[in-house]
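> Got a predicted model here, sequence first, then my questions.
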Amino acid sequence: MSTSRRSFIQNSALLLAGTALLSKTSFAAGKPSEIVGVQLYSVRDDMKTDPKGTLTQLAKFGYKNVEHANYVDRKFYGFTPKEFKVVLNDLGLKMPSGHTVMGKNHWDATKKDFTDAWKYTVEDAAYMGQQYVISPWIDEPIRKSYDGMMQLLDTFNKSGELCKKSGMKFGYHNHWFEFTDKLNGMNIFDLIMKNLNFDLVAMQLDMGNMYIAGAKASDILHQYPGKFELLHVKDEIPSTNEEKFESSVLGKGIIHAKEATDLGRQIGGTKVFIIEQEAYQNITPLQSVKEDLEVIKKWGY
């Protein structure tokens, strides 16, 4: 994860011997029930300057699904849900999932209910045909407090109940701190996994973010088999920046991205595979995600 991605999320708040387990089906064409898409944060600058043109390019590359990372004041990339749905439909694109940080402003402890801001988030996601409403961040004060974390996870489960009413699931997406920060002797990731109601809440494992903390997706997929409905498919290379690693085109990195992706299919319960790339090594973001799609197709997805 790049520094800009972390800043983006923080500001908007206010992923063992796996190859032995792979079956021959890992190399077959993508299964009909599987979804392959791209996280639009990968092309964030293009989406900012020319969202329609960018989505048109993604459709031309062969993408059928996108995952948003920009829902502000009931608009997606500046479009109302009605407008954005028309844009996507005209291009033959679907949006099965999206990222919106659940913050303090989304739960009213006095009323013991979600605020209108979160109810609208769920309502608009359902209108867009999303299957998942995913929160990709936990503010630092909460992850420093065991009671605060328990309250948040309870709210996650309640959000799952709210989403279920519209035929969706709530979801959570990891970064790195879940594998480094501990509460009551347990790392936050394990705390999350032990306290979510997986009938209502889905986990989206980001195989790149976790590598920054020294965690490996293959280990986590073995530890919690069947618990990851979604994967962020990424690769990482050594970097000179402060976070030591940065994302790259799939297959060019060092984190065994194909192995982790195949394990998601084989034992992780994964049905939604979302490509994300946040650094580009001197090629354009659009060219990067074009190459990513070509690679994952060669992997059989």
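Looks like it arrived, so ask away.
> Excluding sequence neighbours, find me the nearest residue to D235.
Using C-beta to C-beta, 6 or more residues apart in numbering and skipping residues adjacent in sequence, the residue nearest D235 is G253, 3.1 Å away. (Each C-beta comes from the backbone N, C-alpha and C, glycine too.)
> just checking, the one you found touches I237?
Yes: in this structure, G253 is within contact of I237 by C-beta atoms under 8 Å, at 4.9 Å.
> who's more crowded, those two?
Between G253 and I237, counted using other C-beta atoms under 10 Å, G253 has the larger neighbour count: 19 against 15.
> so what's the more buried one up against?
Under the criterion of C-beta atoms under 8 Å, 6 or more residues apart in numbering, the neighbours of G253 are 234-237, 247.
> between these, which is nearest D45?
If you rank those by distance to D45 using C-beta to C-beta, S247 comes first, at 15.3 Å.
> Do a quick rundown of the helices in the stretch 101-250 of the chain.
Assigned by DSSP state H, counting those that start in this stretch, the stretch 101-250 of the chain shows helices spanning 116-127, 140-143, 146-164, 188-195, 209-212, 217-223.
> one step back: now, of the contacts of G253, which are buried?
Among the contacts of G253, those classed as buried by 16 or more other C-beta atoms under 10 Å are 234-236, 247.
> Out of those residues, which is nearest to W176?
Distances from W176 to the buried ones among the contacts of G253, taken by C-beta to C-beta, are shortest for E236, at 11.4 Å.
> what number of residues lie near the residue nearest to T155 when sequence neighbours are not counted?
Spatial nearest neighbour of T155, chain neighbours left out: W107 (5.3 Å); criterion: C-beta to C-beta, 6+ apart. Using other C-beta under 10 Å, W107 has 20 neighbouring residues.
> wait, isn't M102 in contact with S159?
Yes: assessed by C-beta under 8 Å, M102 is found in contact with S159 at 6.7 Å.
> Ends of stretch 103-120, what's the gap?
End-to-end distance for stretch 103-120: 14 Å, by C-alpha to C-alpha, to the nearest Å.
> Buried residues in that stretch, which are they?
Buried residues in stretch 103-120 (16+ other C-beta under 10 Å): 103, 106-107, 114, 118.
> ok, G251 to G148 distance?
Using C-beta to C-beta, to the nearest Å, G251 is found at 40 Å from G148.
> Please apply the same query to D181.
Counting by C-beta to C-beta, the gap from D181 to G148 is 12 Å.
> Quick check: which ranges of the stretch 1-150 of the chain have low pLDDT?
1-30 (pLDDT under 70).
> And the strands in it, which stretches?
Under the criterion DSSP state E, counting those that start in this stretch, the stretch 1-150 of the chain contains strands at 35-39, 65-68, 71-72, 75-76, 94-99, 107-108, 113-114, 132-135.
> from the middle of its chain, how far away would the second one be?
So the one you mean is strand 65-68. 10 Å (C-alpha atoms, centre = their mean, to the nearest Å).
> contact partners of it?
So strand 65-68 is contacted by 35-40, 55, 58, 76-77, 88, 93-99, 274 (C-beta under 8 Å, 6+ apart).
> in its sheet, what does it sit against?
Applying DSSP bridges, strand 65-68 is found paired with strand 35-39 (parallel), strand 94-99 (parallel).
> ok, and what's touching the last one?
Contacts to strand 94-99, defined as C-beta under 8 Å, 6+ apart, come from residues 35, 37, 39, 41, 64-69, 71, 76, 88, 125, 128-136, 171, 173, 204, 230, 272, 274.
> Derive a PyMOL selection command for the buried subset of those.
This is the PyMOL syntax for the buried subset of the contacts of strand 94-99, where burial follows 16+ other C-beta under 10 Å:
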select buried, resi 35+37+39+41+65+66+67+68+69+71+76+88+125+128+130+131+132+133+134+135+136+171+173+204+230+272+274
